[in-house]
Structures are given as structure tokens and as C-alpha cells.
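Novice: everything below, folded, please.
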Amino acid sequence: MRRKLDLSDLTDDEAEHVLQVVQRDFTLRKKEEDRLNEMKQKLDEEGNKCSILSKHGRFNEHCCMHCCSPFTFLINPKRQCQDCKYNICKNCSSYQRKEKAWLCNMCQLLRAQSLEWYYNNVKSRFKCFGGAKVLKNLYRKHRLETGTFSRSSLQYCILITALHWLSSTYIYN
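Specialist: Modelled structure (predicted):
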């Protein structure tokens, strides 16, 4: 069910403020998208490295699968990751109190990345997010009032930047 936005009563100053908020929203969404992509790339690289190293016989019995440092009895004992079951050192792992088990840093990243399904689900479920609706409505309002934008206005610059970003990232019709 779609609700129509009515922003026709906003003054120019209020509209400008709303546009700045929407711009910050776009920036935060872009940062989150970049963070998830970077995490995905790290996990892919680490997964490739682990699969190559695991094929080398008993490598993981003597060395950490992630940093390749050798295990020593007291100084650098081996610990088994609860998720991937690889042996890891203390620098590449942390203890999970709730689960009472060790988890390697990559599996922690993988767990964090698994929240990406939420972002993808939200994107596919809603054609248009709130900021895009506001932007589209303000654009339409301003175009109807003035017939066009003055290219020197802050609103014009913000709208063009946001619409460009929006068209490359999300559907906004």
C-alpha cells in the first residue's frame, strides 16, 4: 500500500533542510553498501586462501589457517573455530561467552555479513525508500511552482546529485 506524500506546504528553507537530510541518508546508505562490499571481498579472499592451505596435508595442525603463524604450546596455542572448524591462533580469534566457544575473525565477519539479507530484502520489497519518495515529491513540487530550477540554487545541486546517485543505486519511479 503506497501513501502519497504532500510536501506542498513546505517553505523553501524547510525544503532545503529536508533535502540536506535526504542527502545525508544517501551518503549513509552508500557507506553501508561500500562496507558490505568490502567485507564480502575480504571474505572471498580469505576463503580462497583457506581452501588452498587446507589442501596442503597437515598445515592446519601446525599453523594458524588465517595468519600462518606456528602454534606453540604456551605462547600461541591452537584453538578450533566453532563455525569453520579450522585451527586458529589467539590473534585470529575471540572467545564467545554465550556460546562458550572460540570463533575466528573471518567467521565473525561472516556472521555480520549475514545481516546483508536484510538490506537486500528491504531493497527488493520496496521499490522506493523514504528519501527517494521525498526527493521525488520535492522535485515535482519545485518544478510545478517555478517551471524550472535556477541552476545556482543549493536545492538544484542537491537534487541533481541525489537523483544521479538514486538512478544508479535504487529504482525511484
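Novice: could you point out which element follows the longest helix along the chain?
Specialist: Longest helix in the chain by number of residues (criterion: DSSP state H): helix 12-54. Note on helix 12-54: by DSSP states H and E, the next helix or strand toward the C-terminus is helix 59-62.
Novice: export that following helix as CSV, just CAs?
Specialist: Written as CSV, here are the backbone C-alpha positions of helix 59-62 (Å, rounded to 0.1, in the frame of the first residue of the first chain):
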residue,chain,number,x,y,z
PHE,A,59,49.3,-27.5,7.5
ASN,A,60,46.4,-26.6,9.8
GLU,A,61,47.6,-28.9,12.5
HIS,A,62,50.8,-26.9,13.0
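Novice: which SSE is immediately downstream of it?
Specialist: strand 79-80.
Novice: so who does the residue lying closest to residue 40 once chain neighbours are set aside touch?
Specialist: Using Cβ to Cβ, 6 or more residues apart in numbering and skipping the chain neighbours, the partner closest in space to residue 40 is residue 113 (6.5 Å). Yep, even glycine has a C-beta here, placed from its N, CA and C like the rest. Residues near residue 113 by Cβ atoms under 8 Å, 6 or more residues apart in numbering: 36, 39-40, 43.
Novice: could I get those residues as TSV with neighbour count, distance to residue 77 and pLDDT?
Specialist: Output for those, formatted as TSV (neighbours: other Cβ atoms under 10 Å; distance: Cβ to Cβ, whole Å; pLDDT from 0 to 100):
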residue	neighbour count	distance to residue 77	pLDDT
36	16	33	77
39	15	28	78
40	14	31	78
43	16	25	76
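Novice: tell me which of the residues you listed is nearest to residue 23?
Specialist: Of all the contacts of residue 113, residue 36 has the smallest distance to residue 23: 20.8 Å, by Cβ to Cβ.
Novice: quick revisit: what helices or strands is the longest helix of the chain leaning on?
Specialist: helix 59-62, helix 105-113, helix 116-125, helix 130-146, helix 154-169 (3 or more Cβ pairs under 8 Å, 6 or more residues apart in numbering; DSSP states H and E).
Novice: check those helices for me: which has the lowest mean pLDDT.
Specialist: Least confident of the helices and strands packed on helix 12-54, judged by mean pLDDT, is helix 154-169 with a mean of 59.
Novice: what's around residue 41, how many residues?
Specialist: Residues near residue 41, counting by other Cβ atoms under 10 Å, number 10.
Novice: how close does it sit to residue 67?
Specialist: Distance, residue 41 to residue 67, using Cβ to Cβ, to the nearest Å: 19 Å.
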